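Peer 1: Got a predicted structure here, sequence first:
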Amino acid sequence: MLDKDNSSISHQVQKQFLRRTPIKLKQFARLLNDMLENKVDALRVKALLSQVTKTREACIAQEFESTARLLNQLSKQLSLGDESVDSQKPLLKRLSAKLMEHSEKLELGVKPQRVKPAPEPEPEPTPEPEPETQTSPSETLEEAPEEDDIDQLESEFGLYIDKGKLIFVGEPCSDSPNLTKNHLSEQFSSLGVENCSVDSLAEAIQEANNEPGSLIIANLSLAEPVSVLDDETIEIKRPPVIFVADEDNQENRALAIRNGGSGFLVEPLSFTTICEQIEHLYDRLADAPRRVLVMEDSKAQARYYEKVLNKGHFEILVVNNPAELLEALRGFDPETVLMDMQMPGSSGIELTQMIRQLPRYSHLPIIFLSAEESIRKQNQALMSGGTSFIVKPVQKEQLMFMANLYTQRYRDLAPQIDVNPETGLFYSTQFKQMITIETARMSRTPSSVALAIISLDEIQELTIASSYSFINSAHDHLAQLLRERLRKTDIIGHLGKGKLGIILTSGRQKDWISIMQSVQTQFSNLPFHLRHQDKSVTISIGLSALSSNYNAHQWLERSNKALEQAIAAGKSSLEWFETDESQ
């Protein structure tokens, strides 16, 4: 029975690895892209270098050697220093593309493999070269460097997520014999998460304070009986603690809260449940800058807000012209909006009402900043959809606190949403999971399934022109058309970079091509308008069938290649990826 439990936990560990690692690889790729644009400070590089090292160790532990080799190259590249960036830009670009490729494969549960070059054909005999035609060393082609062997990098950094480590207090899961602290330590170590064990909660808090960003897991039986917290205690910043209890009741939850509990779990537990709670808290501690959009017509006032927030961990976009707000909103995708109340030719109330009409931003925090002292006007602002109201002059401490508070709340809510509220379709991550599930089902029960990928034909031009509202409108209409034309069993979702994907769950090649051509025709006849001018929009489509010997990434790759061929063929094209089985 124990072997079965260990096998189950090992499976859960790899499942968490496949969930977490693609996120980290994308984060590393974004860092490289920022380095190419020369907008990365040394502290950020140093912080991410530690994560690269630990992620690489996790890849080795899970036997993902190809990804580990890639991260080894990245680690060495990040260690070179600023002066080497200019000369290394071509390599940084290739590394970024490789990281995104590995991330996509891991999202689909596919193990990236090192591609071995095909053996070169034996050269045909050639006559001896003339003496005067010798090739100088400068004219010889430089061979592409081999991927480095996996070696043990000694690093002063011991971090995996963003900072700190996991700290187990005693035996956190007393009623779960297969989740002892030693077993938990072994499994988290295999994921590249640094951890340690201590005997008391006080010792764990001291250890966590010494290493900011650490997270504590303790059994609730170790918590101290505490009365209702006073104001001073409430405001003390404490390390996050996950308490494990034997029963879920208000008394236990109150005890956990009073002892600084950030998470609460009830036994019996599974390793997956613990991982999900840790993931949630680690995501709250993540180092990604918080995106704040400032809608303020006064440039001087906007500069003040920007100066204050720049002292925190924020990415800020200032909009001075109210007429540009919606395009800026869709292009920047903020986590909080700071909204001025009165502006020339517009008001914060009507702009807020516009934002609330967009389902995607129905929960977006909007903080009004105004000298308006009338309670009636303030109530109108909140009734229009505002989240909070700060009366000018704005104190910098209050501005920083509110921006941090509401961006954090928005981040807490975001992972719980699987469906884009504007289109009603799955987000990219969830849709890729559907592709993986369908591939696994096919391996058990062979059937006829296809994957279509759709792209607006002018998506690049529209993006460059910042026509985000038009793109959103086109996607909304396309999503509605697909829902009307396809079967209920077909699965539709986003695939990133302006693409939509469809898993066609039954039929044959001629049926799939026919229905997709019908969608193309109907969509091209829809009336669109851009900048007060009529505009027709067309789509290109790539199609491929799922074969029993494909994995999820191969299936997605074949449909993407078919889409590339369709785009190359011209507007409103459809291409089928031919395989030996379909010919």
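Peer 2: Great, that's in hand. The structure presented is a predicted model; accordingly, all values stated were derived computationally and were not measured.
Peer 1: Now do the helices in the stretch 451-583 of the chain.
Peer 2: Ranges of helices in the stretch 451-583 of the chain, per DSSP state H, counting those that start in this stretch, are 459-464, 468-485, 509-524, 552-569.
Peer 1: Quick one, which of those gets closest to Lys26.
Peer 2: helix 552-569 (15.6 Å; Cβ to Cβ). In this view, the C-beta of every residue, glycine as well, is placed from N, C-alpha and C.
Peer 1: and the closest one, how far from the chain's centre?
Peer 2: 23 Å (Cα atoms, centre = their mean, to the nearest Å).
Peer 1: Run through the neighbouring helices and strands of it.
Peer 2: Helices and strands touching helix 552-569, by 3 or more Cβ pairs under 8 Å, 6 or more residues apart in numbering; DSSP states H and E, are helix 89-107, helix 428-444, strand 450-456, strand 539-545, strand 574-576.
Peer 1: Could you give the number of residues near Ser547?
Peer 2: 17 (other Cβ atoms under 10 Å).
Peer 1: ok, now how distant is it from Thr505?
Peer 2: Applying Cβ to Cβ, to the nearest Å, the value for Ser547 to Thr505 is 15 Å.
Peer 1: same check, this time on Glu247
Peer 2: From Glu247 to Thr505 the distance is 44 Å (Cβ to Cβ).
Peer 1: And the two? Which one has more around it.
Peer 2: Neighbour count, other Cβ under 10 Å: between Glu247 and Thr505, Thr505 has more, with 17 against 9.
Peer 1: For the more buried one, give me its contacts.
Peer 2: Glu438, Ser447, Val449, Arg487, Thr489, Asp490, Ile491 (Cβ atoms under 8 Å, 6 or more residues apart in numbering).
Peer 1: Next: Leu425.
Peer 2: Val419, Phe431, Ala479, Ile492, Gly493, His494, Leu500 are the contacts of Leu425 under Cβ under 8 Å, 6+ apart.
Peer 1: Between the residues you listed, which sits nearest Pro22?
Peer 2: When the contacts of Leu425 are compared against Pro22 (criterion: Cβ to Cβ), the nearest one is Phe431, at 14.1 Å.
Peer 1: So the closest one versus Lys76, what's the distance?
Peer 2: With Cβ to Cβ as the criterion, Phe431 and Lys76 are 35 Å apart.
Peer 1: Tell me which of the two has more neighbours.
Peer 2: In this view Phe431 and Lys76 are compared by other Cβ under 10 Å, and Phe431 has more residues nearby, 21 against 13.
Peer 1: can you pull the contacts of the nearest residue to the more buried one once chain neighbours are set aside?
Peer 2: Leaving aside its sequence neighbours, Phe431 sits nearest to Gly493 (Cβ to Cβ, 6 or more residues apart in numbering; 2.7 Å). Gly493 sits next to Leu425, Phe426, Tyr427, Ser428, Gln430, Phe431, Met434, Leu500, Gly501 when contact means Cβ under 8 Å, 6+ apart.
Peer 1: Tell me the predicted confidence for the first one.
Peer 2: Note for Leu425: predicted pLDDT of 87.
Peer 1: try the fourth one
Peer 2: What the model reports as pLDDT for Ser428 is 85.
Peer 1: any chance you could map the helices in the stretch 101-250 of the chain?
Peer 2: Under DSSP H, counting those that start in this stretch, the stretch 101-250 of the chain gives helices at 181-190, 201-210, 231-235, 250-258.
Peer 1: List just the one of these that sits closest to Gln301.
Peer 2: So among those, helix 231-235 is nearest, using Cβ to Cβ, at 29.5 Å.
Peer 1: If we only consider the contacts of Gly493, which is nearest to Val337?
Peer 2: Nearest to Val337 among these, with distances taken as Cβ to Cβ, is Tyr427, at 21.5 Å.
Peer 1: And that closest one, how far from Ser447?
Peer 2: 26 Å.
Peer 1: out of the contacts of Thr505, which are buried?
Peer 2: Glu438, Val449, Asp490, Ile491 (16 or more other Cβ atoms under 10 Å).
Peer 1: dump the residue contacts of the third one.
Peer 2: Taking Cβ under 8 Å, 6+ apart as the contact definition, Asp490 lies against Ile502, Ile503, Leu504, Thr505.
Peer 1: picking up where we left off before, quick check: beta-bridge partners of the residue nearest to Phe431?
Peer 2: Phe426, Gly501 (DSSP bridges).
Peer 1: about what we covered before: of the helices of the stretch 101-250 of the chain, give the one that comes closest to Glu63.
Peer 2: Closest of these to Glu63 is helix 181-190, at 10.2 Å (criterion: Cβ to Cβ).
Peer 1: list the buried ones in that closest one?
Peer 2: Going by 16+ other Cβ under 10 Å, helix 181-190 has these buried residues: Lys181, His183, Leu184, Ser185, Gln187, Phe188, Ser189, Ser190.
Peer 1: ok so, going back, between the helices of the stretch 101-250 of the chain, which one is closest to Ala474.
Peer 2: Ala474 lies closest to helix 181-190 among the helices of the stretch 101-250 of the chain, at 45.0 Å (Cβ to Cβ).
Peer 1: just checking, what packs against the closest one?
Peer 2: helix 2-36, helix 42-61, strand 166-169, strand 195-198, helix 271-284.
Peer 1: Could I have the CA atoms of the fourth one written out in CSV?
Peer 2: Read it as strand 195-198. Taking C-alpha atoms only, strand 195-198 is exported to CSV below (Å, rounded to 0.1, in the frame of the first residue of the first chain):
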residue,chain,number,x,y,z
ASN,A,195,13.2,23.6,2.8
CYS,A,196,14.2,22.9,6.4
SER,A,197,12.6,21.6,9.6
VAL,A,198,12.4,23.1,13.1
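Peer 1: what sits up against the helix or strand containing Ile316?
Peer 2: In this structure, Ile316 sits in strand 314-319 according to DSSP states H and E. With Cβ under 8 Å, 6+ apart as the test, strand 314-319 has contacts from 289-296, 302-303, 305-306, 309-310, 325, 328, 332, 334, 403, 407.
Peer 1: Show me which of these are buried.
Peer 2: 290-296, 302, 305-306, 309, 325, 328, 332, 334, 403, 407.
Peer 1: now, which of those lie within strands?
Peer 2: Within these, membership in strands is found for Arg290, Arg291, Val292, Leu293, Val294, Met295, as judged by DSSP state E.
Peer 1: Just the closest of the residues you listed to Phe577, please.
Peer 2: Nearest to Phe577, judged by Cβ to Cβ, of those is Arg291 at 37.5 Å.
Peer 1: want to throw the ones in strands among the buried ones among the contacts of strand 314-319 into JSON lines with distance to Leu215 and pLDDT?
Peer 2: What follows is those, written out as JSON lines (distance: Cβ to Cβ, whole Å; pLDDT from 0 to 100):
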{"residue": "Arg290", "distance to Leu215": "20", "pLDDT": "85"}
{"residue": "Arg291", "distance to Leu215": "25", "pLDDT": "90"}
{"residue": "Val292", "distance to Leu215": "26", "pLDDT": "94"}
{"residue": "Leu293", "distance to Leu215": "31", "pLDDT": "95"}
{"residue": "Val294", "distance to Leu215": "33", "pLDDT": "95"}
{"residue": "Met295", "distance to Leu215": "36", "pLDDT": "95"}
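Peer 1: Tell me which two in the residues you listed are the farthest apart.
Peer 2: Arg290 and Met295, at 16.7 Å, using Cβ to Cβ across those.
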